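Novice: Sequence below, structure please.
(4 chains)
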There are 2 protein chains.
Amino acid sequence: MQRGTDPTTLEFAILGLLALAPHSGYDLLQIFETTAIGNYSSSPGAIYPALGRLEKRALIEGVVDDSHALRPKKVFRPTPDGKKVLRRWLRARITENDVQRHLDELLLRFAFHSLVDKQASRDFLNDLARATDEYVAKLREQRKIFSDDEPPHGRMAFEFGIERYRACARWARRTLRHFEEEAS
Amino acid sequence: MQRGTDPTTLEFAILGLLALAPHSGYDLLQIFETTAIGNYSSSPGAIYPALGRLEKRALIEGVVDDSHALRPKKVFRPTPDGKKVLRRWLRARITENDVQRHLDELLLRFAFHSLVDKQASRDFLNDLARATDEYVAKLREQRKIFSDDEPPHGRMAFEFGIERYRACARWARRTLRHFEEEAS
DNA sequence: TCGCACATGTAACGTGTTACATGATTCA
DNA sequence: TGAATCATGTAACACGTTACATGTGCGA
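Specialist: Model prediction:
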């Protein structure tokens, strides 16, 4: 990560977790190992260097806590700068590239949306629904290239891709409805 | 890719495409750029080195064709060894790790299943349905850690994860049925 | 005293991304 | 003449994976 470039998905995942509650590296390790967020990584070899980069860039800061642990640990929390970067990420517009290749990251983004206002979440879900719809339409166009006398496996796998995005659009709309109802 | 280790996802994607029909590097580039398989990569900077590695490992071989093109191009096809490695991959048992973190690769695998026998495809789909069911059950257990008085965003994103795997299981069963019907 | 949980890291390696380089031919 | 397409690559860079290293304190 160079100065000025965006943090990676893993770095955002860490930044988000730290924004919800301060943690040590070891804490984070446990979280990544035992919960579903572990899909975004894993292993000390990724976490500790990521923490180092975030600290070096002053997006997080760590204070040593040797009060009651076996061994002193360094507890990290986001700096004001870190929170700003995080919120910018959370509110960023959804691009076609996000939808096509980084759907998982989009969902991670939404998972931290308690850190931004409700309108941003609604915008996000609207954007996501629209963008996935568009992509589904595009995929349906592409499906035509599969002819009926070829073996069907390619087309079948392709159809799972379509299903996946349809499921995403459905989820976005359902979740959006949930937000609207709650508001009333 | 070292001797003896498995090719990467991109390398398998290339190997699979070449098994369906011989292609030059430029051909592959077009395919990756214009079709949905592009989700598995992209860009000459990845394709050409991957071709080089596969050739070095003697999983593919290229012959120069300067018959009618503007410029001579090198057309690659899998060697017998390459086909063996590919088929081993296609028939490999589905692990929990595959399901949790490499679902896309699994679908890519299935896309090339016209290269193996029908029974292997049925095994694959059965395995996939069972493995995703198991993982959904595990995720549902994990969902309980979200309490009702926290902000709901984390749980909502988590639920999309569950939906995704349910959609996968449904797809696998539907496709399996398709295979059974066809057989009768 | 053996191993496990706590706690933090480093080093080697390979790979993908991005950007750039090159050179021929066709078409406006 | 210049742009677009065909066709193949290379170089710098950062990141994740895997494996290893280190040391404490607690319980069997």
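Novice: and the closest residue to A:N39 other than its chain neighbours, how many residues sit next to it?
Specialist: With CB to CB, 6 or more residues apart in numbering or on different chains as the criterion, A:N39 has its nearest non-adjacent residue at 5.7 Å, and that residue is B:R101. Glycine gets a C-beta too; all of them are placed from N, C-alpha and C. Residues lying near B:R101 (other CB atoms under 10 Å in any protein chain shown) number 16.
Novice: now A:S67
Specialist: Neighbours around A:S67, by other CB under 10 Å: 7.
Novice: Wasn't it part of a strand?
Specialist: No. Assessed with DSSP: H, G, I helix; E, B strand; the rest coil, A:S67 is coil; it does not lie in a strand.
Novice: what about the helix ranked longest in chain A, distance to the chain center?
Specialist: Secondary structure of chain A per DSSP state H: the longest helix is helix A:153-183. A distance of 17 Å separates the centroid of the chain from that of helix A:153-183, by CA atoms, centre = their mean, to the nearest Å.
Novice: Pull the contacting residues for the residue nearest the centre of chain A.
Specialist: In chain A, the residue lying closest to the centroid (CA atoms, centre = their mean) is A:L108, at 2.2 Å. Each residue near A:L108 by CB atoms under 8 Å, 6 or more residues apart in numbering or on different chains is listed here: A:T9, A:F12, A:A13, A:G16, A:I37, A:Y40, B:A157.
Novice: ok, the second one - contacts?
Specialist: Contact partners of A:F12, counting by CB under 8 Å, 6+ apart, are A:L86, A:W89, A:E105, A:L108, A:R109.
Novice: so of those, which ones are in helices?
Specialist: The members of the contacts of A:F12 that map onto helices under DSSP H are A:L86, A:W89, A:E105, A:L108, A:R109.
Novice: So A:F76, which state does it fall into?
Specialist: Following three-state DSSP, A:F76 is assigned to strand.
Novice: Would you confirm that it contacts A:I60?
Specialist: Yes. Using CB atoms under 8 Å, A:F76 is in contact with A:I60, at 4.8 Å.
Novice: if I look at the nearest residue to A:T95 once chain neighbours are set aside, how far off is chain B?
Specialist: In space, and not counting its chain neighbours, A:T95 is closest to A:A131: 7.9 Å by CB to CB, 6+ apart. To chain B, A:A131 is 15 Å away according to CB to the nearest CB, to the nearest Å.
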